[in-house]
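Engineer: Just to be clear, the model below is a prediction. Sequence and coordinates:
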Amino acid sequence: MRRSVPDDEREGLARPHAALLELQKSAGNQAVQRLLQRTAATPGHASLLQRSCGGSCGCSTCGGDRDEANAAEAGSMPGPVQREEDPGVLGLLSGAVDTVTGAVGGAVGTVTGAVGGAADTVTGAVAGAVDTVTGAVGSVLGGAIPGLGGGDPAALSPLAAALAGLDPSTAELLQANMSAGQILDLVGRYGLAGLKAIADLVVRFGAAAVDTISFIMRCGPGLPLRLLITAVRFALDPSATSFSEFKPFINIACDCLPPSILILLVEHTRMAGEPIAQAHLEHYLHGGGADFSEDVASFISRDGGGKAAIEKQVNEQGAAQSPGGKGFSGQAFVMQGDYSRQEYVDAWGNVCCIPADAGDEQGAFFFQVLDDPASRTANLASANARVRLSMRDHYKWHPDEPRPTQCLHQMLEAQKAGGAKEYFEVGSAIVDLTIDPALLPI
């Protein structure tokens, strides 16, 4: 048996019913169901919304109290709207509904147990809340989906709807540091989940994060969110990331990040934990082209791979020269694959392969197996050869050579316009090398 609805209650329910109808038209039946389901745990709240929904809602949640008179007055709700499966609509609506549901619950809760005019008060609260949801949907999505209305002018603006998914303090901080246009641009590119991830950076780093975000976003809409977040974290705290995080999109990074960040990227991630390599890069940028003094003795003691490569060539050249127990000399090359420590790969690269007629372009280790009396005595005691080992190599970048990090070489080459200069790495030391006993001066 259907209940007869009093005229005064029908009049009070007409406005929320119209709002629910508009909500259904804008975002589909799932949007209406979501609002109803979120109040289902409180029977009084659910009943009120169900009565507002009326008998032709088309939602299973509304199947209880059917009010045909109210439906006829406000306009019959059609069958399912073909936007229900659109995750973008429901995603944007979600934040607004989450916010409004709390307001509805609070309004209804304050009058639960009241009598007399309480029903009208509750109905008004529900109507206002539903209008807010409807307006938020219309304002945020207006024009994006054919036929979507503009919503209530007093409802949530696109900015407020975008911020609805953040906690109030984060939303306030974001607004204090970014313009509405910047926030909506982020939402347009990366959605609400992306906005939240970027908001976390602003919470952590403040205005400095905003400046970096603004610069990086000039790259255009193709900038991956992961790169944006990684670049901002790195620019503000180089210890917060690693070079491997940039590798998947190193060319995009070169296109989108300013040189100042790319230099930090090379120095503090690619060369992380490599003070020798970092010192060489700094000398290129700020040393004015002066020679860089190398600690050759330290290299021989620390890098077994490089030492072994030099010893092999010393033995080969000694055998060819047949010194007969006397000293001999020559030059040795060390390739990147010879080193046992990445630090020397990044500091020196290949020390080799420049034609001898290139003059100052020559790069090599130059050795002299010593045969003075003190050296002969030392050789006899250690069974090693005392060798004067010197190096001279040209520190430069290679922008024209194809390699995975070519864009970084191009960027560093371009720093010459700002004062960066190539230089020579020079050093000399007396070291002990293992050679064939037949070649050992004793």
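Structural biologist: Received the coordinates, thanks.
Engineer: for residue 397, helix, strand, or coil?
Structural biologist: Put simply, residue 397 is coil when judged by DSSP: H, G, I helix; E, B strand; the rest coil.
Engineer: so it touches residue 409, yeah?
Structural biologist: Yes - using Cβ atoms under 8 Å, residue 397 is in contact with residue 409, at 4.5 Å. C-beta coordinates here come from the backbone N, C-alpha and C atoms, glycine included.
Engineer: who has more neighbours, those two?
Structural biologist: residue 397 (21 against 18; other Cβ atoms under 10 Å).
Engineer: what residues are up against the more buried one?
Structural biologist: Residue 397 makes contact with 284, 409, 412-413, according to Cβ atoms under 8 Å, 6 or more residues apart in numbering.
Engineer: how about low-confidence regions in this structure?
Structural biologist: Scanning the chain for pLDDT under 70 picks out 1-156, 220-221, 354-362.
Engineer: So it: which segments form each domain?
Structural biologist: According to automatic domain parsing, the chain is divided into the following domains: 7-162, 166-270, 292-439.
Engineer: for this structure, longest helix please?
Structural biologist: Identified as the longest helix of the chain according to DSSP state H is helix 180-205.
Engineer: list the helices and strands that helix packs on?
Structural biologist: Counting contacts by 3 or more Cβ pairs under 8 Å, 6 or more residues apart in numbering; DSSP states H and E, helix 180-205 is packed against helix 87-110, helix 158-163, helix 168-177, helix 207-216, helix 225-236.
Engineer: now the fourth one and helix 168-177, what's the angle there?
Structural biologist: With axes from the mean of the first three to the mean of the last three Cα atoms, to 10 degrees applied, the angle from helix 207-216 to helix 168-177 works out at 60 degrees.
Engineer: The last one too?
Structural biologist: Interaxial angle of helix 225-236 relative to helix 168-177 (the same axes, to 10 degrees): 70 degrees.
Engineer: what comes up buried for helix 225-236?
Structural biologist: Neighbour-count burial for helix 225-236 flags 227-236 (criterion: 16 or more other Cβ atoms under 10 Å).
Engineer: Can you name the helix or strand that residue 368 falls in?
Structural biologist: In the assignment (DSSP states H and E), residue 368 maps to strand 364-369.
Engineer: Now do that strand: which elements does it pack against?
Structural biologist: Using 3+ Cβ pairs under 8 Å, 6+ apart as the test, strand 364-369 ends up in contact with helix 304-321, strand 329-332, strand 385-395.
Engineer: For residue 284, list the residues it contacts.
Structural biologist: Counting by Cβ under 8 Å, 6+ apart, residue 284 has contacts 395, 397, 412, 415, 420-423.
Engineer: ok, now with 6 Å
Structural biologist: Residue 284 is in contact with residue 420, counting by Cβ atoms under 6 Å, 6 or more residues apart in numbering.
Engineer: Name the residues of the helix or strand hosting residue 376 that are buried.
Structural biologist: Residue 376 is part of helix 373-382, with elements assigned from DSSP H and E. For helix 373-382, burial by neighbour count (16+ other Cβ under 10 Å) applies to 375-376, 378-379.
Engineer: Same question for stretch 428-442.
Structural biologist: For stretch 428-442, using 16+ other Cβ under 10 Å, the buried residues are 428-429, 431-433, 435, 439-441.
Engineer: So what's the residue count around residue 370?
Structural biologist: 18.
Engineer: Quick check: beta-bridge partners of the nearest residue to it once chain neighbours are set aside?
Structural biologist: Once flanking residues are discounted, residue 370 sits nearest to residue 386: 4.7 Å by Cβ to Cβ, 6 or more residues apart in numbering. Judged by DSSP bridges, the bridge partners of residue 386 are residue 432.
Engineer: Give me the number of neighbouring residues for residue 386.
Structural biologist: Per other Cβ under 10 Å, the neighbour tally for residue 386 reads 23.
Engineer: From the rest of the structure, what touches the helix holding residue 376?
Structural biologist: 385-386, 440-442.
Engineer: Assess the claim that residue 436 and residue 316 are in contact.
Structural biologist: No - contact between residue 436 and residue 316 fails when scored by Cβ atoms under 6 Å: they sit 9.8 Å apart.
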